[in-house]
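The following comprises the amino acid sequence and a computationally predicted model.
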Amino acid sequence: MKIVQYFKKLYQKEKATTTLFFVMQGVAFVCLVFELFSGNLKEVGLCLLTMFLFALPYFISSVFRVKIPSGLLVIVFVFIFAAEILGELGNFYQLFPIWDIILHVVSGFVAASVGFSLLTLLNKKLDPKKFSLAFALIMPLCFALAVGVVWEMVEYGSDVILQTDMQKDTRLTEIRTVSLGSSQGDKVLKIRNIAQTKIYASDGRELAGFDGYLDVGLYDTMSDLFVGLVGAVIFGVVEYLYLSDPKKYSRVRQILIS
């Protein structure tokens, strides 16, 4: 009953974002039922995780007594929907290679926004106007990079422990290696124009063959970190404008937790 009352009050204050929350939760629930009847237990778990992530901002807001503005909520909800429902269940990551890049840019932007908000949330006595501009710009950037690194660790841990493939492979036509270089291991061997790679089992059976050479995660991880940095830098520009003229750019508060 307390949850029902909580959302009733919330709906009266923020009708648009609360409606969006229930619509997306409804879509996730429909996907859950569909995957359950299809017997796809992995996807069922993904749907449950998605529903939890949709509710997480409200849980954080209630427990830590912070206000998450409607603008930031909309970005977070759309991000979760795009990443989990469309990206994973809808296979958008494979259909549109740029999909993952866009989401990592958004995640960098959101993480930097949270990092900037933490400057005042962790100590109510701090006044953002008194911060060094360099500090106010660098701290959210570093926070966003740290979040990105932790997420890549989660992806790696999932791939190793749960045998998933969150760190997507990248096909290359050129590699540089010291392992195949001189016997001393100090000479870099450059192998160019790789046409095809074949993988064999110990008994001689051919397991797979594909064009180019397969990088298993490194390029994906580093590109994710770089595009996350781009998102954080975009927020840095927005933050700079806000700190320069808070009245003129007052709408920026719609993406800042208070």
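Arrived safely, thanks for sending. Residues are numbered from 1 along each chain as shown.

where are the low-confidence patches of the stretch 151-258 of the chain?
Within the stretch 151-258 of the chain, the stretches with pLDDT under 70 are 181-185.

just the strands in it please.
Using DSSP state E, counting those that start in this stretch, the strands of the stretch 151-258 of the chain run over 170-172, 175-177, 189-191, 196-200, 206-211, 213-215.

which other residues reach the helix or strand containing F37?
For F37, the host element (DSSP states H and E) is helix 15-38. For helix 15-38, contacts defined as CB atoms under 8 Å, 6 or more residues apart in numbering pick out 7, 10-11, 43-44, 46-48, 50-51, 54-55, 58, 70, 73-74, 77, 80-81, 84-85, 89. For the C-beta atoms, the positions are set from N, CA and C on the backbone; glycine is no exception.

Touching, I257 and S70? I think so.
No - contact criterion CB atoms under 8 Å: I257 and S70 do not qualify, at 11.9 Å.

Compare the two and say which is more crowded by neighbours.
I257 (20 against 17; other CB atoms under 10 Å).

out of everything not next to it in sequence, what's closest to the more buried one?
Take I257 and drop its neighbours on the chain: the residue closest to it by CB to CB, 6 or more residues apart in numbering is S117, 3.9 Å away.

contacting residues for that neighbour?
Neighbouring residues of S117 by CB under 8 Å, 6+ apart: L256, I257, S258.

For it, pull up the helix or strand it's in.
helix 98-121.

What of L46?
helix 41-64.

Counting by contacts, list what the helix or strand immediately after that helix in the chain packs against.
Moving toward the C-terminus from helix 41-64, the next helix or strand (DSSP H and E) is helix 70-80. Counting by 3 or more CB pairs under 8 Å, 6 or more residues apart in numbering; DSSP states H and E, the packing neighbours recorded for helix 70-80 are helix 15-38, helix 41-64, helix 98-121.

Highest mean neighbour count out of those helices?
Among the helices and strands packed on helix 70-80, helix 98-121 has the highest mean neighbour count (mean count of other CB atoms under 10 Å), at a mean of 20.

tell me the angle of that helix relative to helix 70-80?
Using axes from the mean of the first three to the mean of the last three CA atoms, to 10 degrees, the direction of helix 98-121 lies 150 degrees away from that of helix 70-80.

So what's the gap between helix 98-121 and the chain middle?
8 Å (CA atoms, centre = their mean, to the nearest Å).

what's the angle between it and helix 41-64?
Using the same axes, to 10 degrees: helix 98-121 against helix 41-64 is 20 degrees.

export helix 98-121 as PDB, just CAs?
Only the C-alpha atoms of helix 98-121 are listed here, as PDB (Å, rounded to 0.1, in the frame of the first residue of the first chain):
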ATOM      1  CA  ILE A  98      26.400   2.500 -34.000                       C
ATOM      2  CA  TRP A  99      23.800   1.600 -31.300                       C
ATOM      3  CA  ASP A 100      26.400   0.700 -28.700                       C
ATOM      4  CA  ILE A 101      28.400   3.800 -29.400                       C
ATOM      5  CA  ILE A 102      25.400   6.100 -28.900                       C
ATOM      6  CA  LEU A 103      24.500   4.500 -25.600                       C
ATOM      7  CA  HIS A 104      28.000   4.800 -24.300                       C
ATOM      8  CA  VAL A 105      28.100   8.500 -25.200                       C
ATOM      9  CA  VAL A 106      24.800   8.900 -23.300                       C
ATOM     10  CA  SER A 107      26.100   6.900 -20.300                       C
ATOM     11  CA  GLY A 108      29.200   9.100 -20.100                       C
ATOM     12  CA  PHE A 109      26.900  12.200 -20.100                       C
ATOM     13  CA  VAL A 110      24.700  10.900 -17.400                       C
ATOM     14  CA  ALA A 111      27.600   9.700 -15.200                       C
ATOM     15  CA  ALA A 112      29.200  13.100 -15.500                       C
ATOM     16  CA  SER A 113      25.900  14.700 -14.500                       C
ATOM     17  CA  VAL A 114      25.800  12.500 -11.400                       C
ATOM     18  CA  GLY A 115      29.400  13.200 -10.600                       C
ATOM     19  CA  PHE A 116      28.700  17.000 -10.700                       C
ATOM     20  CA  SER A 117      25.600  16.500  -8.500                       C
ATOM     21  CA  LEU A 118      27.700  14.600  -5.900                       C
ATOM     22  CA  LEU A 119      29.800  17.700  -5.300                       C
ATOM     23  CA  THR A 120      26.900  19.200  -3.300                       C
ATOM     24  CA  LEU A 121      25.000  16.000  -2.300                       C
END
